[in-house]
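> from the sequence below, what's the structure:
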Amino acid sequence: MLDLLLFSNSTNANSGYLDHARDEVAQFLDAVNEVIFVPYALQDHDAYTAKVAKALAAHSIITRGLHTFGSPQDALAKADAVFVGGGNTFRLVSQLHRQGLMDPLREAAQSGTRYMGASAGTNIASPTLRTTNDMPIVEPPSFSTLGLVPFQINPHYLDADPGSTHAGETRETRLSEFLEENDVPVLGLREGAHLRVTGTAGEPNLTAMVGGTAVTPGLGPAITFRKGTLPRETTGDVSALFEAPTLFDTP
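Now for the predicted structure:
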């Protein structure tokens with residue numbers, strides 16, 4: 001049973017941390033008293049946890065950093081809700097693997113613990129980190145991530161600016177390169193957008209909805225990339241992505 005709220009970003013321009021998602025966070029964490037925060041995507045775990053704690057205190061929620069527990073595995077097993085924050089996905093994945101926390105985090109989320117992610121925390125809901133935008137500042141033991149959804153997600157999806165003089169790769173180009181080597185859908189979440197998933201994969205009760213308001217005027221919340229087809233603007237129901245083929249390393 002999945003209960004996921006996955007944000008493209010935690011902060012919109014000219015607003016505070018999670019301010020743009022206040023209503024979604026309040027609804028998702030309704031009746032939750034304490035959230036376990038996973039701060040490993042940034043270096044200063046205490047400062048990061050304090051920042052999140054301040055934001056969630058507005059919802060009368062206590063925040064505890066996973067790094068403060070003597071047994072993080074037990075903390076995850078007992079948690080009502082977990083929030084994995086953004087930062088560098090390679091650093092986050094490296095820490096989770098090296099501390100033996102990837103499996104406990106996956107098991108908690110798959111057993112119904114509410115899982116909220118932003119940016120890097122959304123990246124790792126996919127099967128691998130291959131579609132992150134981040135620089136590999138560290139080398140994780142594995143690229144494998146949680147696989148809570150069977151497709152890839154690209155948070156912070158950025159559309160090419162037709163007026164730009166930048167001649168390098170666009171985000172669309174990079175995701176198209178991923179699809180040259182893999183047959184796995186990629187959901188590009190624009191800034192301000194989120195993915196909400198509830199239910200059980202493969203069961204009729206599964207719902208997966210893309211929502212939010214993209215910060216770029218005239219654009220919707222998301223765009224979907226699939227092998228052999230043109231990118232498709234996406235909003236609302238995306239549950240069909242749970243039934244799509246997911247074949248890695250199949251050029």
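> most distant residue from the centre of the protein?
Computed with Cα atoms, centre = their mean, the maximum C-alpha offset from the centroid of the chain is found at residue 165, amounting to 30.5 Å.
> all strands for the stretch 101-250 of the chain, in order.
114-118, 152-157, 186-190, 193-199, 207-212, 222-225, 232-234, 236-237 (DSSP state E, counting those that start in this stretch).
> any idea which of the ones you listed gets closest to residue 90?
Comparing these against residue 90 with Cβ to Cβ, the closest turns out to be strand 152-157 (14.4 Å). The C-beta positions use only the backbone N, C-alpha and C, and glycine is treated the same way.
> what about that closest one, distance to the chain center?
Here the centre of strand 152-157 is set off from its chain's centre by 8 Å, with Cα atoms, centre = their mean, to the nearest Å.
> stretch 105-122 too?
The chain centroid and the centroid of stretch 105-122 are separated by 9 Å under Cα atoms, centre = their mean.
> next one: stretch 121-131
When distances are taken as Cα atoms, centre = their mean, stretch 121-131 is centred 7 Å away from the chain's centroid.
> give the contact list for the residue nearest the centre of the chain.
Among the residues of the chain, residue 122 comes closest to the average C-alpha position under Cα atoms, centre = their mean, at 0.6 Å. With contact set as Cβ atoms under 8 Å, 6 or more residues apart in numbering, residue 122 has these partners: 6, 7, 8, 86, 153, 155, 189, 195.
> and it, how close does it get to residue 67?
Plainly put, residue 122 is 20 Å away from residue 67 if you go by Cβ to Cβ, to the nearest Å.
> quick check: mean pLDDT across stretch 126-135?
Across stretch 126-135, the average pLDDT comes to 98.
> so which bits of that stretch are buried?
Along stretch 126-135, the positions that meet the burial threshold by neighbour count (16 or more other Cβ atoms under 10 Å) are 126, 127, 128, 129, 130, 131, 132, 134.
> and those, which two are the farthest apart?
The most widely separated members of those are 127 and 134, with 16.8 Å between them, by Cβ to Cβ.
> so where is the stretch 101-250 of the chain shaky, pLDDT-wise?
Along the stretch 101-250 of the chain, segments meeting pLDDT under 70 are nowhere present.
> tell me the pLDDT at residue 63?
Residue 63 carries a pLDDT value of 98.
> for the protein, which segments count as helices?
With helices called from DSSP state H, the chain shows them at 22-28, 45-57, 72-78, 89-98, 102-110, 120-123, 171-181.
> and residue 100, how close does it get to residue 106?
Note on residue 100: its distance to residue 106, by Cβ to Cβ, is 12 Å.
> over to residue 169?
Distance from residue 169 to residue 106, counting by Cβ to Cβ: 32 Å.
> neighbour-wise, which of these two wins?
Comparing residue 169 with residue 106 by neighbour count (other Cβ atoms under 10 Å), the higher total belongs to residue 106, at 19 against 11.
> many thanks, I have nothing further to ask.
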